[in-house]
Each structure stands twice: as C-alpha cells, then as structure tokens.
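Asks: How does the following fold in three dimensions:
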Amino acid sequence: MKSFAITLFTSIAVFIAGFIIVNQIYVKKKYEISIVPNLDTTVAERDTMDKGFSKGWCYCHRSHPERWFDIHTHILKLKQVDQKGVPLDMVKCAEQAFTSWQNQFKEFDIVGSVVLDGSPERMYLFDAAEKTKGMMVFAWVGYDKPDAQLLEKLVKEHGCKGVKMISRPAFNAGVDYRVYDSEKWHELYAKAGELGIPVLWHVVQRTGAAPYAYGEDTRSTWTKLNYTNWDVLKMFEGILEKHPNTIFIGAHQMFMGAKELDRLMKKYPNFFVDTSAGWRLKWGDHLTNKEILELRPFFEEHADRILFGTDFVYNIREKENVPFWSLLSMYSFQNFLIQLNLTQRSLDKIAWQNAYALLKIEKPDILD
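Replies: Residues are numbered from 1 along each chain as shown. Have a look, this model is predicted:
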C-alpha cells in the first residue's frame, strides 16, 4: 500500500511537472511568434534584387504606411474681427490655418484631415477646404437640429463630406437620449446613406476620468440622468440595423473594449470606429508582448473598418507653429498603431486607405 502511494504521488508529480514544462514551452513559443516583426515589403525585395547585393541592409525596417489621413480633427472658432474691429476675410483666415497645419504635420506623413466643425454659422470652413488640398469638412449637427434638406444642400453646393454628431451636449442638458431616435433624425440618417457620406458619431460617454487621454471626470453627468450607456447603445444598434446603407463611425471606439467592438462589427457591416482618444500610446511608452497578443487579432480582423483619427484641436494662424507637446500628443496615436506590429496591408488600410475609400479620394491625389 505504501509503495502504491509513493508510485501514485510520483506519477502525479511527474505529470504536473510535465504539464508546467509543456505549458511554458507553449507560452514561450506563442510569445516568440508574437514578436516576429512585420517588415516593410522592400526588405524582402532587397534580398533578391541585384543578385542579393543589398541583402541584410536595413533588414529591421518595420511595416510603415506611406501616409496617414486623420478622420477626426477640430478647429477652434476663429476671431472674425481684427484688433481694430474690422471684419476679417474668414475664408482666408481658415485657409491660412489649414495650410499652416498641413505644413507642420506633413513631417509626420499626415497628408490631410477631416475637420468636424462645419455648420451654417461656419460656412467659411467649407469654402476654405475647397481651396486647400487634403482638407475636408463634415457638418456638425446638434441634437436639436436634424435637417436632411440642409444636409443635402451642404453636400451638393458646399462640398460637405460627412456628418458629425455628439451626444454629450444632450446628456449634459438632461435631454432624453431617444431624441436621436426621432423621425427627423431618421430622415437625416437615411439622407446620409443616400448621399453616400459617413456619419461620425460620439454616441455614448464614458463614466469617470481618463487622465492618460486628457479626459475629465464625467461621473457628475451620469448621476443626473435616468438612463445609462447601455440604453444608448441599444438605441444605436437599432439605428444601425434600420439604416444598413449608411456608414456610422463610432468616435473614440464608443468608449468600449475590443470584445464588445468585435461583437458590433460582426453584427453590423455598416459600423466603423476611429482611433481617437483611447487608442494612443505616449512617445515614451511601449506595448508589452501580452498587450500585442490581445489586441493585434482584433485590428487584423477588422482592419477594413478602423480609421486613423486623433481628435486634435488646432487654432493656428499664418506663421504660427503647433506647440511641441501637441505634436507629440498627435504622434501618440501613430505610435500605438505602429507598435501593434500589424501587417503592411492592415496598417495601410487603417492609416489612410479606409478614409480614402469612404471619402472617395483617388490617387494620385493630395500628395501631388
């Protein structure tokens, strides 16, 4: 009996030790696979070109997009009079601001962006964008101002490229979230689909603070409301289902993680997200192998429906520079995507190709 117990104990111990060793080998192998870099396609080309003369030269060059297009930026309201009170040419002022922005951000290979602040009160933004290569403007529509006819006019006569919506003002005002489920709003959603323009919507609102993303604490807003983000999400899903021909871009990843986003993307082909707010990594930080393993599959699977965006807010004039720390803040969104170690195909789609497809930009284009 004693001998049997010893044998049994020994067998169990050997089994456990073997399991641990095999598991460690598996995990090690899994992590080794995860950190094999996706290289620039020219690396493989150099291995064989010119009979391999340059094989091994710059062998560590990673996949990197040739350009970036920012789907999510803002411009603060410009002064409409000079120091003497004389009215300014607002189209010229906006054009100067756009040009100044482009001259600085081209160093980051950002060739253009969408400004989300167009409105009947700021028509000069549409006019300036028409004169500035790479700049496009969406119409900002307040929760109480849905107007399908006005949207059609802005698109056909003023070059409006999409709709921008944000639910937060309605939440702050204590308005019922179902205002966005009204007949007037559904007319606008349908019109956007008919016109072939996307709707970029800040649908829900995170609870709490997000200091890494410079987000203030929002708990006080939710304590005053008798509904939650889950209620708003349910309504939004109904809108996605009712308007399958309209592209909806969830700003800031809908303040949700990859698991819930994966569910929405698999269920609704017309649902996209941008990278602004949450998907950022400051210049001195790095993704761990574990984080890459968890995140990369989502980005590879849904690369067709993720758009690079920063939520950058600029208010610059001719000859003025963007502050250095603002430039680094913008770079944090590129840094996050680059560190995911995505394939060249996926990185190109997210960085610029998806935006080009949605906004109907053709090559050769704004680089020329």
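Asks: Okay, now the unreliable bits of this protein?
Replies: Along the chain, segments meeting pLDDT under 70 span 1-35, 59, 81, 84-85, 315-325, 363-368.
Asks: Walk me through the domains of it.
Replies: Structural domains assigned to the chain are 2-52, 68-359, following automatic domain parsing.
Asks: what about the last one, start to end distance?
Replies: Terminal residues of domain 68-359 are spaced 14 Å apart (Cα to Cα, to the nearest Å).
Asks: I'd like the distance from it to the chain centre, please.
Replies: 7 Å (Cα atoms, centre = their mean, to the nearest Å).
Asks: one step back: pick the most deeply packed of the domains of the chain.
Replies: Per residue and on average, the most neighbours among the domains of the chain fall to domain 68-359, with a mean of 18 (mean count of other Cβ atoms under 10 Å). For the C-beta atoms, the positions are set from N, CA and C on the backbone; glycine is no exception.
Asks: which residues touch Leu287?
Replies: Applying Cβ atoms under 8 Å, 6 or more residues apart in numbering to Leu287 gives the contacts 281, 295, 336, 339-340.
Asks: all strands of the stretch 201-350 of the chain, in order?
Replies: In the stretch 201-350 of the chain, the strands defined using DSSP state E, counting those that start in this stretch lie at 248-250, 271-274, 306-307, 312-314.
Asks: quick revisit: tabulate the contacts of Leu287 (TSV), appending distance to Cys93.
Replies: Shown next, in TSV, are the contacts of Leu287 (distance: Cβ to Cβ, whole Å):
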residue	distance to Cys93
Leu281	34
Leu295	41
Phe336	33
Gln339	38
Leu340	38
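Asks: So what touches stretch 49-59?
Replies: With Cβ under 8 Å, 6+ apart, stretch 49-59 has contacts from 39, 43, 46-48.
Asks: Could I get the CA-only coordinates of stretch 271-283 as PDB?
Replies: Extracted as PDB, the C-alpha positions of stretch 271-283 are listed here (Å, rounded to 0.1, in the frame of the first residue of the first chain):
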ATOM      1  CA  PHE A 271     -20.300  50.100 -38.200                       C
ATOM      2  CA  PHE A 272     -16.800  51.600 -38.200                       C
ATOM      3  CA  VAL A 273     -14.600  53.200 -35.500                       C
ATOM      4  CA  ASP A 274     -11.800  55.700 -35.400                       C
ATOM      5  CA  THR A 275      -8.700  55.500 -33.200                       C
ATOM      6  CA  SER A 276      -9.100  58.900 -31.400                       C
ATOM      7  CA  ALA A 277      -8.900  59.200 -27.600                       C
ATOM      8  CA  GLY A 278      -8.500  55.600 -26.500                       C
ATOM      9  CA  TRP A 279      -6.000  54.000 -28.900                       C
ATOM     10  CA  ARG A 280      -3.000  56.100 -28.100                       C
ATOM     11  CA  LEU A 281       0.500  55.400 -26.600                       C
ATOM     12  CA  LYS A 282       2.600  58.300 -25.500                       C
ATOM     13  CA  TRP A 283       6.000  58.600 -27.100                       C
END
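Asks: follow-up on the earlier one: what's the closest of the contacts of Leu287 to Pro120?
Replies: The shortest gap between Pro120 and any of those belongs to Phe336, at 36.0 Å (Cβ to Cβ).
Asks: how near is the nearest residue to that closest one once chain neighbours are set aside to Arg345?
Replies: Nearest residue to Phe336, sequence neighbours excluded (Cβ to Cβ, 6 or more residues apart in numbering): Leu281, at 4.0 Å. Computed with Cβ to Cβ, to the nearest Å, the distance linking Leu281 and Arg345 is 22 Å.
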